[in-house]
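Asker: Give the three-dimensional model of this entry:
(2 chains)
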Protein chains: 2
Amino acid sequence: MIATLYLLYLGNSTDPFGIKTARGLAVFRPELCVGEFRRDKCTLTLDLPRIGYAEAVAAGARTMVLGIVNAGGTLDPEVIEDAIAAMEAGLDLASGLHQRLKDDPRLARAAQRTGRKLHDVRDPPEGLRVGTGEYRAGKRLLTVGTDCSSGKMYTTLCLQRAMQARGIACDFRATGQTGILIAGGGIPLDAVVADFISGAIEQLAPARTDDGWDLIEGQGSLFHPSFAGVSTGLLHGAQPSALVMCHDPARRVMRGMKDRAPPDLGECIAANLATARLTSPDVRMAGIALNTSSFDQTAAVSLCMRLEDEHGLPCTDPHRMGVEAILDNLLGTVPDIATRA
Amino acid sequence: MIATLYLLYLGNSTDPFGIKTARGLAVFRPELCVGEFRRDKCTLTLDLPRIGYAEAVAAGARTMVLGIVNAGGTLDPEVIEDAIAAMEAGLDLASGLHQRLKDDPRLARAAQRTGRKLHDVRDPPEGLRVGTGEYRAGKRLLTVGTDCSSGKMYTTLCLQRAMQARGIACDFRATGQTGILIAGGGIPLDAVVADFISGAIEQLAPARTDDGWDLIEGQGSLFHPSFAGVSTGLLHGAQPSALVMCHDPARRVMRGMKDRAPPDLGECIAANLATARLTSPDVRMAGIALNTSSFDQTAAVSLCMRLEDEHGLPCTDPHRMGVEAILDNLLGTVPDIATRA
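Answerer: Model (predicted):
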C-alpha cells in the first residue's frame, strides 16, 4: 500500500496532458493532496498550495507522487535530483512511469540510505493469464476514445460518482497509473506483456452477479498507431455491455503524433462497436463524452446537441454538464434518445 | 548466439500445433537438426532420427531446442527433468516458452553446475520505443490470419524462398520464437510490453531503400479474443504495402478456444485491410494462403479456385502448390487475377 497523504510533483512541466496523473489525484482525491511541487519553469498549477518537501511533510504528506507522464515514460535528470531530495526530507515516492524508480541506481541507493519506499504503480501483477473471450456474468461499461488523453479516466470516474449517487453498486476498474493511484488498485495495462492484454482485463473485471456495474477505464484509441493494440485487447477482455465514446472536439493532431488528424467520430464509434462485438455481440454505445474546455458554454451546448442529432446518442461534457444523460440512456431511466424530442 | 546443431525436443507431445517450433526448424533448417527426442507417449514425429542426448552430442548437436508450445507457455515437470539430463550430457538449451528457463531454479542450478547455457528466445530486446506510425520507405509484406497457427510463419518463409529464387532482395522478419530460431534474430512480439507492440515492429522492419522486401511474420488474428491486440499493433507497426491472408479451411473451432468458430474469410480480409490502412493507406491484399492438408489434391485445387473467384485474389496452398501465384500478383509479373482466365 502507498502511504498517504500525497505531495504532487509537477517539476518543470509545461504540457497540460503530461500532468494528468497529478491532476487526476487533485480532482478526484483532493482530500489526499497536501500541495504541489513546482520548479520555476513550470507553467502549470493544480490550484494546490505550492510547497517544498519539508512543508509537505509537516502538512502530513507521506509520499511524493511523480505525477508526470511523457511518451516512453523516462525519468529526466532533474526529476531524479528532486526525488532524492524528497526522500531525504522523509517522503516515499510513487510513480507511474515506464522507467521504474527501483531500476535507477541513484534512487535505489537513496531509498536504502533514507529508509524510504519506491512504488512503481506500472508494475503489472504476477500470474496473468491469456484471455479466453468466454462469456462471463455481469454488467460492464468501458470508456473508449478517438485519441489518447481524451477523457476516458475522467469520464469513468464521473460515471462512478453518478451511479453511486443513485445508489447503484459499481466499481471503478483502473487500467492506468493515475487511475490506480486514485482507486488504490488496478492493472497498469500498457505495461502488461502483449499476450496477456485481454486476459488481464478478464482478471481485473471478473464475473459479477450482484447486478452492479464494473466501470472500466479505457486506454488509447483504436485509431492511435502507437497504442491501438492495447485498445483492441481491452475491448475484447472487457466484454462490455456498453461503451462510452470520449472525444476532444478541439484536437487537430493526435496525441504524440506529428501531423495525424483524429478519426471521424462516427467511424470511430462504428469501429469500436465492431471490435467489441467479438466477445460481446450485444454491446451498445451508451453515449458520447466531450471535452469542451476550448469552447464557451453556448458553443459547448450547441455542439453537444448537434452530435446528439448526428449520432443518435446522448452527448455531454462530464465536467460541465455531468453524465446524467449518458446514465439515463444506459440504465433506461428515460426514453431512448431517438424518441426523446 | 545459439550454438548449432540442434536436437529437437518433442517430449510427450500429442498436439501437432504444439510442436510448431520444432517442425519449423525441421522444415526450414533441416541441415541444422540432427534428430528428435521423443518420450514414449509422444504420438508425433518430424521424420528425424529418434535419438538420445549422448547420440545427439556425438552427431554434433550443441543445443537442445524445447520446440514445444502450450497456451500460457509453462514448463511441465517432465520437461524440466529432461532438460537437466540434456545439460548433463553436454547440451545447451533454447526455449521460446513464456516461462523462462533461467527463472527456474532447478534449471539455473543445473546450468551453472554443468557450464551449459540457457537461451530464452522470448526475451524481447531492451530499449524498445513507442510506435510513431510515420511513413517510412520500403516495401513490406505482412502475413495475417483468420486464426493463430494458420500458416503465417510458413507462408512468410515460402515467400522468402520464392523471392530469393527470383533474385529479389528480401529479408524474413521474425516475430515469434520459431521464426527467431530459424532466422537467427527477430523480436518475440508476444513478450513485448503492450505499449511497444507497434514500435517494436517499426524497429524490426525499419526504412529500406534497396528496392527489396521485408517479409514480416504475422501473429495471432484480429478475430482471436486472446491475441487480437498483438495482431492490431503488428498491422500498424508493419505499415505494410501488402498483406497475405493465411487460412485453415478445415478448422471449426479457433485455436485455444472452447467453441468459437473462425471468422468469415471475406470479413477477415476486409477487417485486416481496414486496420492496416491507418498507417498504410494504399495497402492491398496480395493473396490467400491455405492449409489444405485435410483435403485431397482435387478438393484442394477446387477449393483454391472457388476462393479465387469469391475474393478476386490468388489462392494457393504454399506447401502443395507453392506461392508463385501470390508472388506474381504481388510483383505484377502476370496479369491481375481478375483478368487471368
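Asker: what helices or strands is the helix or strand hosting A:D82 leaning on?
Answerer: Secondary structure assignment for A:D82, by DSSP states H and E: helix A:77-88. Under the contact definition 3 or more CB pairs under 8 Å, 6 or more residues apart in numbering or on different chains; DSSP states H and E, helix A:77-88 sits against strand A:6-11, helix A:53-58, strand A:63-66, strand A:92-95, helix A:105-114. C-beta coordinates here come from the backbone N, C-alpha and C atoms, glycine included.
Asker: Mind putting the ones you listed into a markdown table with distance to A:L331, mean pLDDT and mean neighbour count?
Answerer: As requested, these are exported to a markdown table (distance: least, CB to CB, whole Å; pLDDT from 0 to 100; neighbours: other CB atoms under 10 Å in any protein chain shown):
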| stretch | distance to A:L331 | mean pLDDT | mean neighbour count |
| --- | --- | --- | --- |
| strand A:6-11 | 34 | 94 | 26 |
| helix A:53-58 | 42 | 97 | 18 |
| strand A:63-66 | 34 | 94 | 26 |
| strand A:92-95 | 35 | 93 | 25 |
| helix A:105-114 | 47 | 96 | 15 |
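Asker: Could you export the ones you listed to JSON lines, including columns for distance to chain B?
Answerer: Supplementary listing: those in JSON lines, determined by distance: least, CB to the nearest CB, whole Å:
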{"stretch": "strand A:6-11", "distance to chain B": "21"}
{"stretch": "helix A:53-58", "distance to chain B": "31"}
{"stretch": "strand A:63-66", "distance to chain B": "18"}
{"stretch": "strand A:92-95", "distance to chain B": "15"}
{"stretch": "helix A:105-114", "distance to chain B": "16"}
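Asker: Ok, which of those comes nearest A:T156?
Answerer: Nearest to A:T156 among these is strand A:63-66 (19.7 Å), distances taken as CB to CB.
Asker: Show me the residue at the heart of chain A, geometrically.
Answerer: Within chain A, one residue has its C-alpha closest to the average C-alpha position: by CA atoms, centre = their mean, that is A:M153, at 3.2 Å.
Asker: Hmm, that residue is touching A:I180, no?
Answerer: No: with contact defined as CB atoms under 8 Å, A:M153 and A:I180 do not form a contacting pair (10.3 Å).
Asker: Give the residues shared as contacts by those two.
Answerer: Shared contacts of A:M153 and A:I180, defined by CB atoms under 8 Å, 6 or more residues apart in numbering or on different chains, comprise A:A174.
Asker: need the contact list for A:A299.
Answerer: Counting by CB under 8 Å, 6+ apart, A:A299 makes contact with A:T292.
Asker: Quick check: buried residues in the helix or strand harbouring it?
Answerer: Element membership of A:A299 [criterion: DSSP H and E] is helix A:297-311. For helix A:297-311, a neighbour-count test (16 or more other CB atoms under 10 Å in any protein chain shown) marks A:A300, A:V301, A:L303, A:C304, A:L307, A:E308, A:H311 as buried.
Asker: and for the helix or strand encompassing A:T178, what are the contacting residues?
Answerer: Under DSSP H and E, the secondary-structure element containing A:T178 is helix A:177-183. If you take CB under 8 Å, 6+ apart as the criterion, helix A:177-183 is touched by A:2, A:20-21, A:24-25, A:28-29, A:65, A:67, A:69, A:94-97, A:121-122, A:153, A:156-157, A:172-174, A:186-188, A:217.
Asker: For A:F227, see how far away the residue nearest to the centre of chain A is.
Answerer: 14 Å (CB to CB, to the nearest Å).
Asker: One more: A:G179?
Answerer: 16 Å.
Asker: Between the two, point out the one with more neighbours.
Answerer: Neighbours were counted for A:G179 and for A:F227 using other CB atoms under 10 Å in any protein chain shown; A:F227 has more, 32 against 29.
Asker: Test my guess that that one contacts A:C148.
Answerer: Yes: A:F227 is in contact with A:C148 according to CB under 8 Å; the separation is 6.3 Å.
Asker: what touches both of those two?
Answerer: Common neighbours of A:F227 and A:C148 are listed as A:Q219, A:G220, A:S221 (criterion: CB under 8 Å, 6+ apart).
Asker: ok, back up a step: ok, now how distant is the residue nearest to the centre of chain A from A:A271?
Answerer: Between A:M153 and A:A271 the distance, using CB to CB, works out to 21 Å.
Asker: Pull up the distance across stretch A:84-92, start to finish.
Answerer: The first residue of stretch A:84-92 is 10 Å away from its last residue (CA to CA, to the nearest Å).
Asker: Neighbours of A:A270, how many?
Answerer: Using other CB under 10 Å, A:A270 has 12 neighbouring residues.
Asker: repeat for the one 10 residues further on
Answerer: Around A:S280 sit 22 other residues, with neighbours defined as other CB under 10 Å.
Asker: my read is it is in a strand, agree?
Answerer: No: inclusion of A:S280 in a strand is not indicated when DSSP: H, G, I helix; E, B strand; the rest coil is applied; the result is coil.
Asker: Can you check which of the helices and strands packed on helix A:77-88 gets nearest to A:T43?
Answerer: Nearest to A:T43 among those is strand A:6-11 (9.6 Å), distances taken as CB to CB.
Asker: Would you mind getting the angle between the closest one and helix A:77-88?
Answerer: Our comparison of strand A:6-11 with helix A:77-88, counting by axes from the mean of the first three to the mean of the last three CA atoms, to 10 degrees, yields an angle of 150 degrees.
Asker: which other residues reach strand A:6-11?
Answerer: Contacts of strand A:6-11 with the rest of the structure, by CB under 8 Å, 6+ apart, involve A:19, A:22, A:25-26, A:29, A:32-39, A:42, A:44-46, A:48, A:51, A:53, A:56, A:61-68, A:76, A:78-79, A:82-83, A:86, A:91, A:94.
Asker: From A:T14, how far out is A:K20?
Answerer: Counting by CB to CB, the separation of A:K20 from A:T14 is 14 Å.
Asker: of these two, who's got more company?
Answerer: Counting neighbours by other CB under 10 Å for A:K20 and for A:T14 shows that A:K20 has the greater number, 23 against 12.
Asker: so who does the more buried one touch?
Answerer: Residues near A:K20 by CB under 8 Å, 6+ apart: A:G67, A:V69, A:S149, A:M153, A:T178.
Asker: Assign it to helix, strand or coil.
Answerer: Taken by three-state DSSP, the conformation at A:K20 corresponds to helix.
Asker: if I look at it, how far off is A:S150?
Answerer: In this view, A:K20 and A:S150 are 11 Å apart by CB to CB.
Asker: same check, this time on A:P314
Answerer: For A:P314, the distance to A:S150 under the criterion CB to CB works out to 17 Å.
Asker: And the pLDDT for the residue of the stretch 1-150 of chain A found nearest chain B?
Answerer: Ranking the residues of the stretch 1-150 of chain A by distance to chain B (CB to the nearest CB) places A:G133 first, at 2.6 Å. With respect to pLDDT, A:G133 has a value of 96.
Asker: confidence score at the nearest residue to it once chain neighbours are set aside?
Answerer: Setting aside the residues directly before and after it, A:G133 is nearest to B:P225 in space (CB to CB, 6 or more residues apart in numbering or on different chains), at 2.6 Å. Model confidence at B:P225, expressed as pLDDT, equals 97.
Asker: what does the one 4 residues further on give?
Answerer: At B:G229, the pLDDT value in this model is 97.
Asker: Show the contacting residues for it.
Answerer: When contacts are counted by CB under 8 Å, 6+ apart, B:G229 touches A:A194, A:I197, A:S198, A:G229, A:V230, A:S231, A:T232, A:G233, A:L234, A:H236, B:A194, B:I197.
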